[in-house]
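Asker: The sequence and its predicted three-dimensional model are supplied below.
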Amino acid sequence: MATIYEVAAMAGVSPATVSRVFNGQRVSPERVKAVREAADALAFTPNRVARTLRRQNSEVVALVIPDIENPFFTALARGVEDVAQAAGFSVVLCNSDGDHAKEERYLDISLSENMAGVIIAAADDHTHVRRLLDRGRPVVAVDRGPADAQVDTVRVDNRGGGAAATRELLARGYRRIACITGPEHVETAIERRAGWAQAMAGTDLDLDAYSRWSDFRVAGGRAAMTELLELPEPPDAVFVANNLMSVGALQVLVEQRRLPPEIGLASFGDLPFSTFAVTDMTVVHLPARNLGMTAARMLLDRISGDTEPVRTVVLSNSLTSP
């Protein structure tokens with residue numbers, strides 16, 4: 001295996017210059033070209049483990065998400081990777097399944113492997129990232145934040161999106177508008193339900209009777225929609241607080257042959273591309289990929305030494321309706 005000294009000799013530069021090239025430090029384009037050509041000719045591979053030990057952190061960041069099967073998080077992960085790869089970082093994708101213990105194990109691994117930082121969509125409000133910050137590892141929360149520490153956060157306008165979707169259903173003439181949201185301990189579920197409740201505040205609907213806490217998954221959407229349709233006076237429309245639960249809710253409506261617009265349906269998030277087309281739906285479109293890109297840029301800034309106060313970035317949603 002070729003050494004750094006052999007690369008330096010072939011390129012006509014010092015070993016220190018070769019090290020700077022592979023560490024991403026400032027070197028003239030001519031010398032970068034000469035070093036990389038020499039490295040290719042000699043099949044030289046930088047010793048990343050040794051570089052990690054010297055720099056005390058790796059060129060790897062962790063992305064911890066609760067549900068890799070949800071296309072929203074898939075698009076978010078793509079945004080993170082696009083920005084990280086362009087900056088010379090690799091991304092380790094960690095799927096917590098919304099399980100607190102599994103998420104904690106991933107956070108422990110990020111420390112033991114000296115990862116440079118973590119982007120996390122927290123499983124619940126009890127996620128603990130303080131020990132990462134105490135060890136000098138930057139953390140950026142995306143979509144939802146941890147409860148134990150103030151960290152940079154990127155999210156969408158959850159309350160505003162819930163309110164806008166519900167107001168659109170009201171404008172279309174629906175009155176008994178129910179809500180299916182996620183777990184009671186998850187910030188996004190709470191905020192989206194609050195948006196629905198805000199829009200319904202001027203009506204006489206019993207909000208507790210017409211809302212269901214669920215699990216942000218297809219089966220949860222099915223179960224909640226079935227319950228609502230069995231009420232003595234069923235809803236004439238439903239706001240569903242994420243895309244997968246919307247799929248479940250829609251499946252029930254198809255089975256009962258009560259498709260929109262007979263019963264109105266508004267989804268917070270685009271339905272997966274494999275879902276059959278329904279044109280009479282209101283959809284809150286989320287900038288998932290942009291969320292990931294923004295979070296990655298914020299994390300890279302912190303890795304580079306940014307010490308500005310903690311900040312929260314709220315990205316706008318868009319809404320379409322029949």
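Answerer: That came through fine. Numbering: from 1, shown residues only.

Asker: which residues of the stretch 51-200 of the chain fall in helices?
Answerer: 71-86, 100-112, 130-134, 158-171, 187-199 (DSSP state H, counting those that start in this stretch).

Asker: per the record, what domains does the chain have?
Answerer: Here the domain parsing of the chain from automatic domain parsing is 4-46, 57-156+288-317, 158-285.

Asker: Mean pLDDT and mean neighbour count added to these, as JSON lines?
Answerer: Quick note: C-beta positions are derived from backbone N, CA and C, even for glycine. Below are the domains of the chain laid out as JSON lines (pLDDT from 0 to 100; neighbours: other CB atoms under 10 Å):
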{"stretch": "domain 4-46", "mean pLDDT": "82", "mean neighbour count": "16"}
{"stretch": "domain 57-156+288-317", "mean pLDDT": "90", "mean neighbour count": "19"}
{"stretch": "domain 158-285", "mean pLDDT": "94", "mean neighbour count": "20"}
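
Asker: what's the closest of the helices of the stretch 51-200 of the chain to Gln256?
Answerer: Closest to Gln256 of those, according to CB to CB: helix 158-171, at 19.1 Å.

Asker: got the contact list for the closest one?
Answerer: 177, 179, 187-188, 191-196, 198-200, 203, 237, 239, 241, 264, 266-268, 282, 284, 286, 317, 319, 321 (CB atoms under 8 Å, 6 or more residues apart in numbering).

Asker: let's see it at 6 Å
Answerer: Applying CB atoms under 6 Å, 6 or more residues apart in numbering, the contact partners of helix 158-171 are 177, 188, 191-192, 194-196, 198-199, 237, 239, 264, 266, 268, 282, 284, 317, 319, 321.

Asker: With stretch 262-271 instead?
Answerer: Residues contacting stretch 262-271 (CB under 6 Å, 6+ apart): 72, 161, 165, 169, 174, 192, 237-243, 246-247, 281-286.

Asker: Look up how far Phe44 lies from the closest residue to Ile68 other than its chain neighbours.
Answerer: Counting by CB to CB, 6 or more residues apart in numbering, Ile68 lies nearest to Asn95, which is 4.2 Å off, once chain neighbours are set aside. According to CB to CB, to the nearest Å, Asn95 stands 35 Å off from Phe44.

Asker: and what of Met245?
Answerer: 52 Å.

Asker: same thing with Val313?
Answerer: As judged by CB to CB, Val313 and Phe44 stand 40 Å apart.

Asker: May I see the helices of the stretch 51-200 of the chain arranged in CSV, with distance to Val35 as well?
Answerer: Formatted as CSV, the helices of the stretch 51-200 of the chain follow (distance: least, CB to CB, whole Å):
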stretch, distance to Val35
helix 71-86, 20
helix 100-112, 31
helix 130-134, 35
helix 158-171, 48
helix 187-199, 47
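
Asker: closest to Leu259 out of those helices?
Answerer: Shortest distance between Leu259 and these, using CB to CB, is found for helix 158-171: 15.2 Å.

Asker: export the closest one as PDB, just CAs?
Answerer: The C-alpha trace of helix 158-171 is given here as PDB (Å, rounded to 0.1, in the frame of the first residue of the first chain):
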ATOM      1  CA  ASN A 158     -47.500  22.500  12.000                       C
ATOM      2  CA  ARG A 159     -50.200  24.600  13.700                       C
ATOM      3  CA  GLY A 160     -50.600  26.900  10.700                       C
ATOM      4  CA  GLY A 161     -50.900  24.000   8.300                       C
ATOM      5  CA  GLY A 162     -53.500  22.200  10.400                       C
ATOM      6  CA  ALA A 163     -55.600  25.400  10.600                       C
ATOM      7  CA  ALA A 164     -55.300  26.100   6.900                       C
ATOM      8  CA  ALA A 165     -56.400  22.600   5.900                       C
ATOM      9  CA  THR A 166     -59.300  22.700   8.300                       C
ATOM     10  CA  ARG A 167     -60.400  26.200   7.100                       C
ATOM     11  CA  GLU A 168     -60.400  24.900   3.600                       C
ATOM     12  CA  LEU A 169     -62.700  22.100   4.500                       C
ATOM     13  CA  LEU A 170     -65.000  24.600   6.200                       C
ATOM     14  CA  ALA A 171     -64.900  26.800   3.100                       C
END
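
Asker: angle of that helix against helix 187-199?
Answerer: Inter-element angle recorded for helix 158-171 and helix 187-199: 40 degrees (by axes from the mean of the first three to the mean of the last three CA atoms, to 10 degrees).

Asker: what distance separates helix 158-171 from the middle of the whole chain?
Answerer: 22 Å (CA atoms, centre = their mean, to the nearest Å).
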